[in-house]
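# any chance you can model this:
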Amino acid sequence: MNGPIRRVSLVVMLMFLALVVNSSYAYLARTDSLNRDPANRRVRDAQFGVDRGDILVGNTPVVTSTPVDTRFAFQRGYAQGALYAPVTGFYSFEYGGSGLEQYYSARLSGTADSQFLQNVINTATGKRPQGDSLQTTLDARAQRAAAQALGNRPGAVVALDYTTGAVKALVSTPSFDPNDLASHDLNVSRAAWKKLTEDPAKPMANRAVREIYPPGSTFKLVVSAAALESGMTPDSMVDSPASLTLPGSTFQMTGSCGGEQITLKQALRVSCNTAFANLGSTLGDDALRAQAQRFGFGSTQLPELSGVASRFPSNPDAAQTMLSSIGGFDVAASPLQMAMVAAAIANDGVLFEPYLVEQMRGPDLNVTSTRRPNQLSLALAPANARALQDMMVDVVENGTGRRAQISGVRVGGKTGTALTSSSGDSSGRVPYAWFVAFADDPAIAVAVFVQDAGVDGSEISGGRYAAPIAQAVIESMR
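As a prediction, this is how the structure comes out:
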């Protein structure tokens, strides 16, 4: 009798031990992720009616909670909702949240572990819980300028302070107004959700950080960096034939670049496809991939916006490597990624991690945490970065980026165009326009992506449609 009892007791003890271990793990390791899970209705019920903290741009709240006489005591409101929605996201009883609202939901609602002591005091004194406020890094002038210059064209703009990684502008169009989603009238919220999710223009798709696209000739900056790191100089000669047949295929790449051999500097100035295809073939895909990774390719950034990783193909053949060298084949990048490329070059090779929240403040306005700049990598040697800066300035002063010129400001840039196989022009492809740039005053790096400028693919160019947007953003911050 004792033997069976002991065995049953042992099984029960093991089950209790497993329960304790699982509960401890869930509490210690999974609390934050479970609280952020939009499907967690229990947490949402508890948080939705509290006095959530503000989200600020500068000293101006762009997201606030206002007392109301409804089932829920506070109504979330979004000033200039569509302008900041790609960053703030939304907060909805029915559909959870997105962006900063979701990622920092526990802090905003006052339920984070770091706020435990204050909540105990509030409970003892009968005071209603209040959340922390978020101070973003955004610059209202740059955000407005980017949105206005991009207009109603689908696309995105990202601007970074390249000396710190602070995000100064992050725009994705078309955007959406989070106010209806936050409504306490659930019929209004449901109708808004249905309209937004069924809209073919995809207004809730964050094109700045959550989508990746062929970067076209802006990727030539990565190839140029790899070339300089290999020992070449801006004056090194590169083969630039008018026609180049890719190995193992009948496809011919063409271009009129100013001679059968030109300097690396001239190749970037005129965006010579054949020169960069030959250059990529010489360097090899391993060198290009390694250089891309030093700029941030293959890693995710801005987790608060669910950023995705940009990519360089893992095992391209000779022809695919040559196509990749001009930003084609399977190369794909987000506007954030291309802003990071320009930022590292402008900052003498030092790449900082992008971030959106500068400070958190308690209900008493005291600062509870401050974000410090974090270096991600040395993307290229300082001397090579300065050489590439000069090459980019040459593109703006004498090449395809002239429309980004600003009197009295040193501006460097690179244009890019790309085509996708989606429906679009008469060839069945949608034209993309890119422009990436940096300026010394202000210290800003910008990436502009115009997904569809509404013109035929043969007419579109990054210099014509995207460069003026970068110019407007830079000028707004002077």
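# for the nearest residue to residue 146 once chain neighbours are set aside, what are its contacts?
Spatial nearest neighbour of residue 146, chain neighbours left out: residue 157 (3.9 Å); criterion: C-beta to C-beta, 6 or more residues apart in numbering. C-beta: built from backbone N, CA, C; applies to glycine. For residue 157, the contacting residues are 146-147, 149-150, 169-171, 208, 335, 446-449, 469-470, 473, by C-beta atoms under 8 Å, 6 or more residues apart in numbering.
# report how many residues lie close to residue 254.
Close neighbours of residue 254, defined as other C-beta atoms under 10 Å, add up to 11.
# partners of it in the sheet?
residue 243 (DSSP bridges).
# what does the pLDDT read for it?
Predicted confidence (pLDDT) for residue 254: 89.
# any idea how far it is from residue 246?
12 Å (C-beta to C-beta, to the nearest Å).
# hmm, back to that, closest to residue 431 among the contacts of residue 157?
Distance to residue 431, by C-beta to C-beta, is smallest for residue 449 among the contacts of residue 157, at 11.9 Å.
# can you name the next helix or strand after the one helix or strand the closest one maps to?
Element membership of residue 449 [criterion: DSSP states H and E] is strand 444-450. Of the helices and strands lying after strand 444-450 in sequence (DSSP H and E), the nearest is helix 462-465.
# how about the helices in the stretch 251-400 of the chain?
264-270, 273-283, 285-294, 318-324, 335-346, 382-398 (DSSP state H, counting those that start in this stretch).
# out of these, which is the most enclosed?
helix 335-346 (a mean of 30; mean count of other C-beta atoms under 10 Å).
# okay, and the residue nearest to residue 84 when sequence neighbours are not counted sits in which element?
Leaving aside its sequence neighbours, residue 84 sits nearest to residue 62 (C-beta to C-beta, 6+ apart; 5.0 Å). Per DSSP H and E, residue 62 falls inside strand 60-67.
# what strands line up against whatever helix or strand comes next after that strand, and which way round?
Proceeding N to C from strand 60-67, the next assigned helix or strand is strand 74-78, under DSSP H and E. Strand 74-78 pairs in its sheet with strand 60-67 (antiparallel), by DSSP bridges.
# each with direction, which strands does the strand holding residue 449 pair with?
For strand 444-450, using DSSP bridges, the partner strands are strand 155-161 (antiparallel), strand 430-439 (antiparallel).
# for it, what is the average pLDDT?
98.
# tilt between it and helix 335-346?
Angle, strand 444-450 to helix 335-346, by axes from the mean of the first three to the mean of the last three C-alpha atoms, to 10 degrees: 150 degrees.
# centre of the chain to strand 444-450, how far?
11 Å (C-alpha atoms, centre = their mean, to the nearest Å).
# same question for stretch 316-327.
That offset, for stretch 316-327, works out to 25 Å (C-alpha atoms, centre = their mean).
# can I get it as CSV, trimmed to CA atoms?
The C-alpha coordinates for stretch 316-327 follow below in CSV (Å, rounded to 0.1, in the frame of the first residue of the first chain):
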residue,chain,number,x,y,z
PRO,A,316,23.1,34.6,-55.7
ASP,A,317,24.8,33.3,-58.8
ALA,A,318,27.1,35.6,-60.9
ALA,A,319,24.2,37.2,-62.9
GLN,A,320,22.1,37.7,-59.7
THR,A,321,25.1,39.3,-57.9
MET,A,322,25.4,41.8,-60.7
LEU,A,323,21.7,42.6,-60.6
SER,A,324,21.9,42.9,-56.8
SER,A,325,24.7,45.4,-57.2
ILE,A,326,22.2,47.9,-58.7
GLY,A,327,19.6,47.2,-56.1
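# where among the strands paired with strand 444-450 is average confidence lowest?
strand 430-439 (a mean of 92).
# in that strand, which residues are buried?
Neighbour counts over strand 430-439 (16 or more other C-beta atoms under 10 Å) mark 430-439 as buried.
# please apply the same query to stretch 50-60.
50-57.
# among the residues you listed, which lie within strands?
The strands, defined by DSSP state E, take in 55-57 from those.
# on that earlier part again, what's the closest of the helices of the stretch 251-400 of the chain to residue 204?
Judging the helices of the stretch 251-400 of the chain by C-beta to C-beta, what sits closest to residue 204 is helix 335-346, at 16.7 Å.
# can you check what angle separates the closest one from helix 285-294?
90 degrees.
# could you pull out the helices for the stretch 101-250 of the chain?
105-109, 116-125, 140-150, 186-198, 220-229.
# among these, which is nearest residue 75?
helix 186-198 (12.0 Å).
# off-centre distance for the closest one?
26 Å.
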